[in-house]
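quick one, structure for this:
(chains A and B)
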Amino acid sequence: MRRSTPVLFRRLGRYYLLYAAGFVGLVLLLAVAERFGLAPRWIGQIFLFSTIAIYALIGVMSRTSDVSEYYVAGRRVPALFNGMATAADWMSAASFIGLAGTLYYSGFEGLAFVTGWTGGYVLVALLLAPFLRKFGEFTIPDFLGARYEGHFARMVGVFAGVLASFVYVVAQIYGVGLITSRFIGIEFEIGVFVGLAGILVCSFLGGMRAVTWTQVAQYLILIIAYLVPVVILSYEVTGVPVPQAVYGKVLHDLGVKEVELFTEPRENEVRALYRLRADDLARKISELPESLVAERQTQTLRVNELRTQGAPAREVAAAERALRDLPRTPDDARIKWERARQDSLQRSIPPPPHAEAHPGPDQASRDNARLNFIALSFVLMVGTAGLPHILMRYYTTPSVRDARRSVFWTLFFIFLLYVTAPAYAVFAKWEVYSTLVGSHIASLPSWVVSWGKVGLVKIEDINADGILQLAELSLNSDAILLLTPEIAGLPYVVAGLVAAGGLAAALSTADGLLLTISHALSHDLYYRMINPEASTQRRLVITKSQLLVVAVVAAWVASLRPDSILFMVGLAFSIAASAFFPALVLGIFWKRANKWGAVSGMIAGLGITLFYIVLTHPFFGGGLENAWFGIHPISCGVFGVPTGFLVIVVISLLTPPPGAAVLALVDNVRLPDAGR
Amino acid sequence: MDDTEARQRAYWRSTLRVTGVLLSVWAAVSFLPGWFADELNRFVFFGWPFGFYMAGQGALIVFLLIVWIYDRWMVRLERRYGLDDEG
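Purely as a prediction, here's the structure:
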C-alpha cells in the first residue's frame, strides 16, 4: 500500500494543478466578459452553478460501494491531500463568512477565534491523531466502544457526536441558504434546498472517498476566493500584495483615523442624537401602555396632516408604513422598543479602538472581557480536538506517520486563511472609515441599495446633513466579507468569486458532518449494536438512507432560521469538547481509565455544558445574570471539560480497572506503525 | 522479546516527554499573550501592537512549528528505538 502512494500522489498533484489552473482561467475569462458588459447577475450564477457542477462531477466519478472506500476512502489518502481535505472540512461558513465580520466589529477580542481555531490542531497532533490512526477502525464511537468495553460508551459517543454534528450542520446549511439566495436571487428557503442537493451529490454516492476528493477541490476554490480580494486591496492601499505582512502598518493608520473620527464634531452630534432617541424609547417603555396609544395618535395625526398639505407621495407612504408597523400590543411594543433602544444606545458610544485588548468602561468589565477571551480560546481549541468529523479524517491516511504529517498540512492550510482574516478585517475597516464615511449619501454606490434590499446594510441620515457618518451606517456582520469587494470598488467578478468560496466552505463542512452523522447511525448504532450480521450491501444501503433523512431534517431546521451561525457553531464546539476530549485523551494516556469512569465523565461533562447553556442563553429563557464568573454561554465547555476529566478519574479509581484486552489495545495504539 | 518490550516502554516514555515539552509551549503561547495583551500592546512590532500581533499571527506560527517539530522528533524516536519500518 505504501508503495503505490508516490504514484498516486503525483497523479493527484497533476489533476489538481490542472483543475486549479482551469478555475483561475474561468475567473479571468469572467473578468474579461465583465469588461465587455456581462451582467453581474450572470456572473454570480455562472460561479455558483459551475462550481457545484464540478463537485457533482467529482462525486459521481468517485462513487463506490466498497465499505472501506465508503467509510475511510480506502486508507490511502496522502498526507498533503488529507490535510487539504481536512482544512476544507474544518473551515466552515462561520470561518469563511463570519470570521472577518466578527474581527471587524470586535477587533482584538475576535482574535480568540483565530488562536482558538488553530491552536486546537496542536492538541489533535500531540494527543489524538496518531493514536486513533493506529487503532484504525472507522469512527470515533468505535474507539470508545473498544477502549471502554462495550456498547454503553459507544452509545454515549454516538449521541454526543450526532448532537454536535447536527447543530453544526444546521449552521452550514443556513450559510448555504444565505449565499444562494443573495447571488441567484431565490427565496432563502428554496436556496437551502438547492444547497442541499449540492451537498448530497458528493456524499451520497461516494461516501468518504467522494467527499475527500471534492473537499480538496473545494479547499482550492475557497482559499483562492479568500486571498484574491484582500491581496488586491493590500496592493491598492500599501503597494505590497502580501496583506498578512503589511497590515500592521494599516492597523496603525487605522488607529489614527479612529481617533480622528471619534472626536469629529458631526460624529458626536450623531451620537448625541442616538442617545436622545434611546432616552426617548426608555421613557416610552416605562409609560406603557399609555405611550403606545399616544404614539398611534401622533402618527395618525401626522399621516392626515401630510395628506391635507399635499406632501410628496413618498413621504405620505413612509408615514403610513410607520403607522402600520407600529406594535399591536403593549407586550410587542416592549420587545420592539427595547431592541431599538439597545441599538440606539450602541450607536451613541464610539466603538473601541480596533487593536485595544479587552476594552470596557471600567476595570471589572475589562477583567471580565479578559476572562471570556481566554475561556473562548480554550473551548475552541479543545472543541477542535473533540469534533468527530475532524478526528475521523485521520483514519484515512496510509500510516501513523502520515497521520502526524497530515495534521501539519491541515494546520498549514487553515493557517493561510486564519492569518489572513485579521488582515481582511483591518483592510475592510480602513476602506469603510477612509472612503465610505464622509461621502454624500445621495451619491453612494449601487451596492448600498442592493444589499439594503436584503436588509444587510442600513443607512439612516439621523442629523439630515446629507453626509454619511460612521454611527449612521450599519453593516451586518455576516455580510462584511461578501461586501468588502464591492465597498472597495473591485470588479463584480471578485464578489462572485468570494460567494463561490463561501459556498465551497459551507458545502465541504456540511458534507463531512453529514457523513459523520450517518456513519454514527448506520455503523455504530445499526451494525455494531443492532444487527452485527448485516451484509455489507445492507450496511451501505442503511448508511445512504440515513444520510438522506439527516440531510433533509437538517435543511428543514435551517429553513426555520434559528439563532446566528456563530452561536450554533460555538455550541457544537462546547458539546464536542466536553463529551469527547476527556474520554479520548485519558483513554490513550491513562490505562486505569475504565468503562464506568468514561461513561459517567462523558455524561457529566455534556450535562454541565447543556445545563449552563440553558441557564445563560436567552434562546432557552436564561440570562447572563445567572452566569458563573461572568462566562458567556458560547464558552460553556470551559466548565464541561474539567468536570469530564475529574469525573472520569474519580469514578475510574472507585471501580475495578479495565481488563487485559484493553491494556493490550492501549499498548498497541501507543506504538508507531511497525510496533506489534 | 524482553528487549522489544523494554524498547517499547522506553519509546513511550520519550514520547511522553516530547508531548509534555511541546504541550507546555502550546499552553504558554495560547494563553499568556491573551492574558497580558494590554501590557504587550505597549510594544510595537513592525507596526503591530505586540499583543495583537501575537494573538493574530505570532501564536499561529508557533503552533505550526510545534506540529512540525513533533513530526520530525517522533520520526527520530521511532528510528532510535528501532520501531520504524525496517525495525
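
quick one, grab the pLDDT at the residue of the stretch 451-600 of chain A found nearest chain B.
With C-beta to the nearest C-beta, the shortest gap between the stretch 451-600 of chain A and chain B falls at A:Phe589, namely 7.9 Å. Placement of C-beta: from N, CA and C, glycine included. pLDDT, A:Phe589: 93.

which non-adjacent residue is nearest it?
Using C-beta to C-beta, 6 or more residues apart in numbering or on different chains and skipping residues adjacent in sequence, the residue nearest A:Phe589 is A:Leu127, 7.4 Å away.

ok, the most centrally placed residue in chain B to chain A distance?
Among the residues of chain B, the one closest to the centroid is B:Leu22, at 3.0 Å (C-alpha atoms, centre = their mean). Relative to chain A, B:Leu22 is positioned 6 Å away (C-beta to the nearest C-beta, to the nearest Å).

for the residue nearest to B:Asp71 when sequence neighbours are not counted, helix, strand, or coil?
Closest residue in space to B:Asp71, ignoring its immediate chain neighbours: A:Arg404 at 4.8 Å, by C-beta to C-beta, 6+ apart. Secondary structure for A:Arg404, judged by DSSP: H, G, I helix; E, B strand; the rest coil, is helix.

excluding its backbone neighbours, what's nearest A:Ser635?
If you skip the residues right next to it in sequence, A:Ser635 has A:Ala375 as its closest partner in space, 4.0 Å away by C-beta to C-beta, 6+ apart.

what residues sit buried inside the helix or strand hosting the one you found?
A:Ala375 belongs to helix A:363-384 when elements are defined using DSSP states H and E. Of the residues in helix A:363-384, those with enough neighbours to count as buried (16 or more other C-beta atoms under 10 Å in any protein chain shown) are A:366, A:368-384.

what sits up against the following helix or strand past it?
Taking DSSP H and E as the definition, the helix or strand that follows helix A:363-384 towards the C-terminus is helix A:388-391. Judged by C-beta atoms under 8 Å, 6 or more residues apart in numbering or on different chains, the contacts made with helix A:388-391 from elsewhere in the structure are A:86, A:89-90, A:124, A:128-129, A:132, A:139-140, A:161, A:164-165, A:168, A:384-385, A:509, A:512-513, A:515-516, A:520, A:576, A:580, A:584.

repeat for stretch A:48-55
Stretch A:48-55 has contacts (C-beta under 8 Å, 6+ apart) with A:19, A:26, A:179-180, A:183-184, A:198, A:201-202, A:214, A:217-218, A:221, A:499-500, A:503-504, A:507.

equivalent analysis for stretch A:549-567, please.
By C-beta under 8 Å, 6+ apart, the residues outside stretch A:549-567 that reach it are A:93-94, A:97-98, A:102, A:166, A:169-171, A:173-175, A:177, A:188-189, A:192-193, A:195-196, A:199-200, A:478, A:514, A:517-518, A:521, A:568, A:617, A:619, A:633-634.

can you select the buried ones from those in PyMOL?
Those of the contacts of stretch A:549-567 that meet the burial criterion (16+ other C-beta under 10 Å) are gathered into one PyMOL selection, given here:
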select buried, chain A and resi 93+94+97+98+102+166+169+170+171+173+174+175+177+188+192+193+195+196+199+200+478+514+517+518+521+568+617+633+634
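
so which bits of whichever strand or helix holds A:Gly13 are buried?
Under DSSP H and E, the secondary-structure element containing A:Gly13 is helix A:5-35. Within helix A:5-35, the residues that qualify as buried by neighbour count (16+ other C-beta under 10 Å) are A:Thr5, A:Leu12, A:Tyr16, A:Tyr19, A:Phe23, A:Leu26, A:Val27, A:Leu30, A:Ala31, A:Glu34.

quick check, that helix touching chain B?
No - contact between helix A:5-35 and chain B, assessed by C-beta under 8 Å from any C-beta of the partner chain, is absent, since the two come no nearer than 13.0 Å.

any idea how far that helix is from the middle of the chain?
Here helix A:5-35 shows a centroid-to-chain-centroid distance of 27 Å under the convention C-alpha atoms, centre = their mean, to the nearest Å.

what angle do helix A:5-35 and the helix or strand following that helix make with each other?
Once the chain leaves helix A:5-35, the next helix or strand it forms, by DSSP H and E, is helix A:40-61. If you take axes from the mean of the first three to the mean of the last three C-alpha atoms, to 10 degrees, helix A:40-61 sits at 160 degrees to helix A:5-35.

pLDDT on helix A:40-61, on average?
The predicted model assigns helix A:40-61 a mean pLDDT of 83.

show me what counts as buried in the longest helix seen in chain B.
Longest helix of chain B, by residue count under DSSP state H: helix B:2-35. Buried residues in helix B:2-35, counted by 16+ other C-beta under 10 Å: B:7-8, B:11-12, B:14-15, B:18-19, B:22-23, B:26, B:29-31, B:33-35.

my guess is A:Ile487 contacts A:Leu444. True?
No - using C-beta atoms under 8 Å, A:Ile487 makes no contact with A:Leu444, being 10.6 Å away.

more neighbours: the two, which one.
Remark: of A:Ile487 and A:Leu444, A:Ile487 carries more neighbours, 20 against 16, as counted by other C-beta atoms under 10 Å in any protein chain shown.

what about the residue nearest to the more buried one when sequence neighbours are not counted, which helix or strand?
The shortest distance from A:Ile487 to any non-neighbouring residue, by C-beta to C-beta, 6+ apart, is to A:Glu431 (5.2 Å). Applying DSSP H and E as the criterion places A:Glu431 in helix A:421-431.

distance between that helix and the chain's centre?
Taking C-alpha atoms, centre = their mean, one finds helix A:421-431 lying 19 Å from the centre of the chain it belongs to.

that older thread, now for the residue nearest to B:Asp71: which residues touch it?
With contacts taken as C-beta under 8 Å, 6+ apart, A:Arg404 has the following neighbours: A:Ala125, A:Ala129, A:Pro130, B:Tyr70, B:Asp71, B:Met74.

contact partners for the closest residue to A:Lys134 other than its chain neighbours?
Nearest residue to A:Lys134 in three dimensions, chain neighbours excluded: A:Val669, at 4.5 Å (C-beta to C-beta, 6+ apart). By C-beta under 8 Å, 6+ apart, the contact list for A:Val669 reads A:Phe131, A:Leu132, A:Lys134, A:Phe135, A:Ile588.
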